[in-house]
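K.L.:
My questions concern the predicted model and sequence given below.
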Amino acid sequence: MFEHVDHYPGDPILSLLEKFGHDTRPNKVNLSIGLYYDENGKIPVLKSVQAAAKIVQEKAEPHTYLPMEGLAAYREAVQHLLFGRDSAALRDNRVATIQSVGGSGALRVAADFIKTYLPDSAVWISDPSWDNHHALFTAARIQVHTYPYYDAVTNNINFGGMLETLNTLPAKSIVLMQPCCHNPTGLDLNHAQWKEVIGVLQQRNLIPFLDIAYQGFGDGIEEDAWVVRAMADAGLTMVVTNSFSKNFSLYGERCGGLSFVCPSAKEAALVLGQLKAGVRRIYSSPPLFGSKLVATVLHDADLRQQWDREVAAMRDRIKTMREKLRNSLTAHAPSVDGSYLVNQRGMFSYTGFTAAEVDSLREDSAIYLIRSGRLCIPGLNNQNVESVAQAMAETLKK
Ligand code: PMP
């Protein structure tokens, strides 16, 4: 019956994680999957989240279904976090927001909506982008193209190439961009560059699709939403997907959001209706527990402040590790320009290492990066950063 089913070779990142688990070398270092680890190599349980869990548990509310669009308090918190409390779009009721099953679920619901209501629009993603972007839109039968983003020669953004391509796109094309901490390169546009992009989007009537999965890991929670707000203030019709997997360390609770900023309140109501219908057809309603945790933290002034401090601590540790890795790498290999490590932001650095160099790091030194050369900074800590830098330097000398 199922002989004809295609073999699934597995997800390359998750397969690598499995391989890491089986590696018996005591000095092994996991710098592959996009998880935030603390200084002790543990995935943190945030204190603010723990306090919220206690509040939620003490209430002992029934485990009933959420509405299709999710918990109202959560959706409001998502809106304030992304667009700011004083957003004109929010005031005018022009934003349709649903709670989603992680950032991935938001992307998929958005993709289905786009396929139905903008059937002629293709999606343009950065080259490179998070691998699943391509897969998620393709699964919704949407054409996916890339615009230039990473310049391997300079290890920087090919902004000229990016703009040139955006300037050729047909009206209503969807342009997927990451507001901060770009996965996988760690390279973000600056404000002046974003303003240029906004100009092109307006001029050509393109639809920005902002996917923000690391809010708070770049410059700050408010700062990292700058372009979301700038685009909404510029009056662009846009899509925003967000994830709390990293900044709340709530990976498995599947907490995300999907927002459409619409030209009018009337259109936002129509869009919200179809997003609900889309959810009903896929999973009917989103998960309850994680949404209560996030809503509790974000609506309680003290817990919100505590969360801000915890996000700042994660962000600062990432920055410290970037500096330590850069300093040790350049101490071991003075001819290597390690400045990219501190210029890139968020969880990831694109090292420029070839697949062969990545293989050699893994085989010879038990250091696991993904084969594109992407290195997950929070896998570093004070115990391993020196040996990682040394191994990187040796690999580059080979
Ligand atoms: N977008 C980007 C850019 C991501 O890096 C990720 C997570 N790796 C997601 C979306 C998906 O988030 P989630 O894990 O919450 O589904």
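P.N.:
Received, thanks.

K.L.:
What count of nearby residues applies to Pro26?
P.N.:
Per other C-beta atoms under 10 Å, the neighbour tally for Pro26 reads 6. Using the backbone N, CA and C atoms, a C-beta is placed for each residue, glycine as well.

K.L.:
quick one: secondary structure of it?
P.N.:
Three-state call for Pro26 (DSSP: H, G, I helix; E, B strand; the rest coil): coil.

K.L.:
ditto for Ala268
P.N.:
helix.

K.L.:
roughly how far apart are it and the ligand?
P.N.:
Using C-beta to the nearest ligand atom, to the nearest Å, we find Ala268 at a distance of 23 Å from the ligand.

K.L.:
pLDDT value on that residue, please?
P.N.:
Ala268 is assigned 98 on the pLDDT scale.

K.L.:
what's the first-to-last distance across stretch 5-19?
P.N.:
This stretch, stretch 5-19, spans 25 Å end to end (C-alpha to C-alpha, to the nearest Å).

K.L.:
tell me which residues in that stretch are buried?
P.N.:
13, 16-17 (16 or more other C-beta atoms under 10 Å).

K.L.:
Tell me, domain by domain, which residues of this protein belong where.
P.N.:
Domain assignment for the chain by automatic domain parsing gives 12-44+309-397, 65-299.

K.L.:
The shortest one vs the ligand: in contact?
P.N.:
Yes - contact of domain 12-44+309-397 with the ligand (C-beta under 6 Å from any ligand atom) involves Gly34.

K.L.:
deepest of the domains of the chain, which one?
P.N.:
Mean neighbour count (mean count of other C-beta atoms under 10 Å) peaks for domain 65-299 among those, with a mean of 20.

K.L.:
And that domain, end to end?
P.N.:
21 Å.

K.L.:
Make a markdown table out of the buried residues of stretch 5-19 and add secondary structure.
P.N.:
Formatted as a markdown table, the buried residues of stretch 5-19 follow (three-state DSSP):
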| residue | secondary structure |
| --- | --- |
| Ile13 | helix |
| Leu16 | helix |
| Leu17 | helix |
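
K.L.:
closest to Ile98 among those residues?
P.N.:
Comparing the buried residues of stretch 5-19 against Ile98 with C-beta to C-beta places Ile13 closest, at 27.3 Å.

K.L.:
Touching, the closest one and Ile33? I think so.
P.N.:
Yes - counting by C-beta atoms under 8 Å, Ile33 is a contact partner of Ile13 at 5.5 Å.
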